[in-house]
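In: sequence plus the predicted model coming up.
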Amino acid sequence: MHVTKTIMALAAGLLMIQGAAAENYRWSNVAMGSGGFVTGVVASKSERGVVYARTDVGGAYRYDVQNERWVALNDWVSESDTGLMGVESLAIDPRNAANVYMLAGTEYSSNGKTAILRSTDYGKTFTVTDVTAQFKAHGNGMGRSNGERLQVDPGSSNVLFVGTRHNGLFKSVDSGATWSRVNSLNVNDTPNGNGISFVLLDPTSVTQGTAKRIYVGVSRYGSVGPNLYFSKDGGVTFNPVAGAPAGLMPQRAAITNKGRLYLTYANGAGPHPQSESEPMNTGALWEYNTVGGAWTNVTPAGRTHPFGGISVDPTNPKRLVASTANTFWTQSTQPKTTYGDRIFTSIDAGRTWTDLMERGMSVDANGIDWIHDSMIHWAGSIEFDPFDPKSAWVVSGNGMFKTSDIDAAKSVWKFDVKGMEETGAYQAESLPDGKLMSIIGDYDGFIHTDPAQYVPRHTPAMGSTTGMAVAPQATHVMARVGEELYTSTNQGASWEKSPTKMAKRGNLALSADGFVLLHSPENSTTTYRSTDFGANWTAVTGLAVNNARPVADAVNPAKFYVYDRSSGKLLVSLDGGVSFNVAAQLNSGGSDFVRATPGLEGDLWMCLASNGLFHSTDSGASFTKVPKIASCGAVGLGKAAPEASYPSLYMWGSVGTARGLLRSIDQGVSWDRVNDDAHQYGGNIGRFVTGDMNTYGTVYMSTNGRGIAYGKIDPAGDVQVVPQVYVAPPKQAECKYVVTAMWGYGGNADVLITNQSTSVISGWTVNWTYADDSKIYNYWGGKVTGTAPTFTGTNSEVWNHDIAPGQTVGFGITFGQGTPNPGPVPAVTGDICK
C-alpha cells in the first residue's frame, strides 16, 4: 500500500486565505555553525558541483557552489510529519543529478512515519511517498552513518533499491512511487535493529538497461549470519559472499571500475558504543576482488580502529581515502591539539597508508572560531570530489569539513557548514540592548548582536546547556546550567562557576532584580534557592513539581511563577521564591513556559495546547481564555508595533485554517501568520517562541533539529503575511447524553455524555428538574478526569471540561438522600454542549 502526495517548497497554503496584508517576511536561521551530526555526504559523478549532505535530525542540504553555502531541503516538513527531518539515506540519480531521493523517518516521531522523498529539481520540491506500512526508517538510530542504503540503478533512472532496518531489501521500478520486497534476499531484522547497512550497485555491470551486480551489507557478525550478500542477476538471486570477515559489521563500501570492492568494518553499528556486544572500538579495512573472489586485509598497519568512510578516486582506482569512526586519538591540528577520528589516504590500493592527522593538519574555522575547541569525530562518511580528486569532504558529529588539497604536506580542512544549522535549541531570549542569548545542545550557546553573524560560544564551555535566565530588570545578570552552573554580572562577557551546585542541568530563574536565583535540577521535584550566586542553597517549599520551570515576574522581584503541567496548577511565590502556593487551577498539559510581559507586573501568558491561550493580569489569580484560538504550542512577546502600546504577541499555534507562527499586535484580538508552508522546520518541537524586544516584527522560534529559525519584516521577503480568519468550529449539537437511574435510599441519576462530533467540546451545561432542591444531597464527577465542581444549589450545572471526539464522560446527581424512593427519575434536560 502506498500513499503519495506532492509537497512543494512554496507557500501553497496561503492560497486558502484571502485578503493578505502587504507586509512580507524573510526567514532564516540564527548563525551558529551546524553543531549537529552530519551523517552522510553524497556527490554527483555526472554533474560538477552537485553535492548533498544528510543529517540525523535536521533534514538534508544541497551545496550552493556560487554562494559557498548549504541550502536546506526539508524546511517544508510540517509538525505532524516532523519525523521526516531524520534522513537515513540519500541517493542521486547517476544519470541525472537533478533527481535526488531520500529515505526519511524517525522511529520515535510522527508514529514512526517513513517516506521516500523524490525530487526532479535538485531538491527544490519533493513528492512524498508514504511507505510506513512496508518498512520504517530511523534517521537518528544506531548505524545512522552507515550506507548508503538507498541507491538509483546506474543504468536505469526509474529503478531504485532500498535496504531497510527490519524488513529486508525493496525495489522500485517507477522512480520510487511504489515498492516491492526483494524476496530473494532472506534478510530481515538484525539483533541491533540496524538491518541492511548499505546497498551498492556496480556501474560496470550494466547490461540490458540495469546493473546486474549488487552488493548488500548487513549489520551483524559472528554466528548470527552472513554480513555480505551478492547478486549477479540484478536481484533475482542473492548469495552470501564467501570469505567475508565474520567478526565485524560492514559500515560502507566503494567499488572501482576494475572490480575491486573496498569495505569498512567495525565491531558495532556506530557512531558510538551501543552495548557490551557492540563496543565500537575496533575494526578493519578489506579489499574484495570481485573477479577472482580473493579477500585482502588492507587495514593500516597497527591501526585497528573502527572504520566508517571509504571513497575511491574515480580517476585512479588505486587512490583511496578512508576515515575512522568513534576513534578519539590526537589530531595534530593548529592552533591547538584536539582528539578525534583519523583520515587515511593510499595511492597503492591500500597496501600502504598515510595518516593525515599524524602527519599534521590544520582547521580553517571559516569564521566559526568555536570549532577550534572541537574536533573531527564520528567520521562515518568521506568522499572525494569526483571532478577534483584533490578535494574531499568528511562528515563529523559537529558538521562537515572539506579540504581542497588532501595531498598537501599539512592538509587544511575548512569547517564547511555555512547555511547548515543542525542544533537542538533549548531557549533564546532577546535583550533590551539588541542582543540575543541562546542555549543549545552539545555546544553551550551564544550571545548574538546580529543573528546572521557567527559569534563565539559561551565560555567556559560545558557542552549541552539546558537552562538559562536573565534578570528582567537587571539584564546584565545572567545564569546558565548544564553539567555546571555559571553566572555572569556583565551580560555574558565573562562567567563565574557557581561555588556549589545542588545537581546538574534543569531550569533556572532570576528575580527581576537579579538577587535571587532558582534552580530546578533535571528529574528532581525539589527546587533550590540562592541569594549569593550559588554559594549557598535552600530548598524551596510548596513546590514539589518534577522538572519545574520557574519564571520570574518581569517587574516585582518578590514574584515567581511555576506551571505544573501534570496537575494544571499555577503556583506563585510572593516572597522571592522562598515558598510557593497554588494561585489557579487550569487545564493540565500544554507548555510549562509561563511568559511574563516585560514592564508589567503580574501580566502573564500561558499556552495550554488544545485548550488554547490564556492571559492573566493579576499574577495568576485569574485567567481569561483568548477567543478563537484552536491550539497553542508556545507563546512569546516582542517589541510593540509602531501603532501599539502593548508588546506584540507571537504564538506557534492554530487560528483559522492554518497552523504556524502567528503574530498579534492587539493582545490576541486578531492574528497574522508570518511563516508559510515552506518554512515550518518540522514544527516548533523545542517549544519556545520569543519576539525581538528591539525590532518590531522580528521573532525567533525553536525547530526540530534546525537550530533557531527567525523571521523579520522585509519588503523583499518571500513569505507574505496572512491575516488569519477565524472559522467557528461546527456546532456541537452532535453530542448526546443518556440518563440512567438507580433508586434505593435516595436516588442516583447518572448522566453520560458522548461527543459524537469530530471536534473537541469545550465545556457543557446540564439542567435538571427536581421539586425540592434542599434534598439534593450530592454532585460528583463520575468518569470525567479532574476535579468536580461544587454543587451550587440550583437545578443546573456548568463544567468547562473538554470532551474529545468519541469520548464519553459522566457524573451523578443524588436526589433525596436518606428518604425512601423519591419517585420518578427527575427530568435531565438542557444545553449539553456549550
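Out: Sure thing, it's come through.

In: so the spatially most central residue of the chain, which of the three states?
Out: Nearest residue to the geometric centre of the chain (C-alpha atoms, centre = their mean): Asn704, 2.7 Å. Assigned state for Asn704: coil (three-state reduction, DSSP: H, G, I helix; E, B strand; the rest coil).

In: that one contacts Ala425, doesn't it?
Out: No: using C-beta atoms under 8 Å, Asn704 is not in contact with Ala425, being 10.3 Å away. For every residue, glycine as well, the C-beta is placed using N, CA and C.

In: with adjacent residues omitted, what lies nearest to the residue nearest to the centre of the chain?
Out: In this structure, Asn704 finds its nearest non-sequential neighbour in Gly682, 3.1 Å apart by C-beta to C-beta, 6 or more residues apart in numbering.

In: count of neighbours near that neighbour?
Out: When neighbours are counted by other C-beta atoms under 10 Å, Gly682 registers 28.

In: ok, it - contacts?
Out: Gly682 makes contact with 59, 74, 77-79, 81-82, 84-85, 703-706 under the criterion C-beta atoms under 8 Å, 6 or more residues apart in numbering.

In: same question for Lys559.
Out: So Lys559 contacts 512, 552-553, 572-574, 601-602, 619 (C-beta under 8 Å, 6+ apart).

In: doesn't Met420 make contact with Ser34?
Out: Yes: counting by C-beta under 8 Å, Met420 is a contact partner of Ser34 at 4.8 Å.

In: which residues do those two both contact?
Out: Joint contacts of Ser34 and Met420 (C-beta under 8 Å, 6+ apart) are 399-400.

In: tell me which residues of stretch 575-588 come out buried.
Out: Neighbour counts over stretch 575-588 (16 or more other C-beta atoms under 10 Å) mark 576-577, 580, 583-584, 586-588 as buried.

In: in JSON lines: the residues you listed, plus secondary structure and distance to Val41.
Out: JSON lines is the format used below for the buried residues of stretch 575-588 (DSSP: H, G, I helix; E, B strand; the rest coil; distance: C-beta to C-beta, whole Å):
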{"residue": "Gly576", "secondary structure": "coil", "distance to Val41": "53"}
{"residue": "Gly577", "secondary structure": "coil", "distance to Val41": "49"}
{"residue": "Phe580", "secondary structure": "coil", "distance to Val41": "51"}
{"residue": "Ala583", "secondary structure": "strand", "distance to Val41": "53"}
{"residue": "Ala584", "secondary structure": "strand", "distance to Val41": "52"}
{"residue": "Leu586", "secondary structure": "coil", "distance to Val41": "48"}
{"residue": "Asn587", "secondary structure": "coil", "distance to Val41": "47"}
{"residue": "Ser588", "secondary structure": "coil", "distance to Val41": "45"}
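
In: returning to that earlier point: tell me which of the contacts of Lys559 fall in helices.
Out: Counting by DSSP state H, the contacts of Lys559 place none of their members in helices.

In: now, which of these sits nearest Ala43?
Out: Nearest to Ala43 among these, counting by C-beta to C-beta, is Ala552 at 50.8 Å.

In: phi, psi for Leu356 please.
Out: phi -70, psi -30 (degrees, to the nearest 10).

In: filter the contacts of Lys559 to the buried ones?
Out: 512, 552-553, 572-574, 602, 619.

In: make CSV out of the residues you listed and add distance to Val291 and pLDDT.
Out: Converted to CSV, the buried ones among the contacts of Lys559 look like this (distance: C-beta to C-beta, whole Å; pLDDT from 0 to 100):
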residue, distance to Val291, pLDDT
Ala512, 77, 98
Ala552, 72, 98
Asp553, 77, 98
Val572, 78, 98
Ser573, 77, 98
Leu574, 82, 98
Gly602, 80, 98
Ser619, 80, 98
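
In: CSV please, covering those residues and showing distance to Leu261.
Out: Converted to CSV, those look like this (distance: C-beta to C-beta, whole Å):
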residue, distance to Leu261
Ala512, 66
Ala552, 62
Asp553, 66
Val572, 67
Ser573, 67
Leu574, 72
Gly602, 70
Ser619, 70
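
In: farthest pair in these?
Out: The largest separation in those, counting by C-beta to C-beta, is between Ala512 and Val572 at 14.2 Å.

In: please name the nearest non-neighbouring residue to Ser566.
Out: Leaving aside its sequence neighbours, Ser566 sits nearest to Ser588 (C-beta to C-beta, 6+ apart; 6.2 Å).

In: next one: Ile406
Out: Nearest to Ile406 is Ala392, by C-beta to C-beta, 6+ apart, at 5.0 Å.

In: quick one: average pLDDT of the helix or strand that contains the one you found?
Out: Here Ala392 sits within strand 388-396, counting by DSSP states H and E. Averaged across strand 388-396, pLDDT comes to 97.

In: which neighbours in the sheet does that strand have, and how are they oriented?
Out: strand 382-385 (antiparallel), strand 399-403 (antiparallel) (DSSP bridges).

In: strand partners (parallel or antiparallel) of the helix or strand following the last one?
Out: In this case it means strand 399-403. Elements were assigned by DSSP H and E; along the chain past strand 399-403, the next helix or strand is strand 411-415. For strand 411-415, the paired strands and their directions (DSSP bridges) are strand 361-364 (parallel), strand 399-403 (antiparallel).

In: export strand 411-415 to PDB, keeping only CA atoms.
Out: The C-alpha trace of strand 411-415 is given here as PDB (Å, rounded to 0.1, in the frame of the first residue of the first chain):
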ATOM      1  CA  SER A 411      46.300  19.500   4.700                       C
ATOM      2  CA  VAL A 412      43.900  22.300   5.600                       C
ATOM      3  CA  TRP A 413      40.300  21.200   6.500                       C
ATOM      4  CA  LYS A 414      37.700  24.000   6.300                       C
ATOM      5  CA  PHE A 415      34.700  23.900   8.600                       C
END
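
In: list the contacts of the helix or strand that comes right after it.
Out: For strand 411-415, the following helix or strand on the C-terminal side (DSSP H and E) is strand 425-430. With contact meaning C-beta under 8 Å, 6+ apart, strand 425-430 is reached by 30, 436-441, 465-468, 470, 638, 686, 688, 690-694, 700, 702-703, 707-708.

In: from those, which land in strands?
Out: Judged by DSSP state E, the contacts of strand 425-430 include 436-440, 467-468, 470, 638, 690-691, 700, 702, 708 as members of strands.

In: among these, which one lies nearest to Val321?
Out: So of the ones in strands among the contacts of strand 425-430, ranked by how close each gets to Val321 (C-beta to C-beta), first place is Ile440, at 31.3 Å.

In: identify the residues contacting the residue nearest to that closest one when sequence neighbours are not counted.
Out: Computed as C-beta to C-beta, 6+ apart, the closest residue to Ile440 that is not its neighbour in sequence is Thr423, at 4.5 Å. Going by C-beta under 8 Å, 6+ apart, Thr423 touches 32, 34-36, 440-443, 705, 707-708.

In: go on, Pro203?
Out: Taking C-beta under 8 Å, 6+ apart, one finds 94, 154-155, 211, 255, 257 in contact with Pro203.

In: tell me where this structure has helices.
Out: Going by DSSP H, the chain shows helices at 356-359.

In: so where is it shaky, pLDDT-wise?
Out: Along the chain, the parts satisfying pLDDT under 70 run over 1-22, 686, 728-834.
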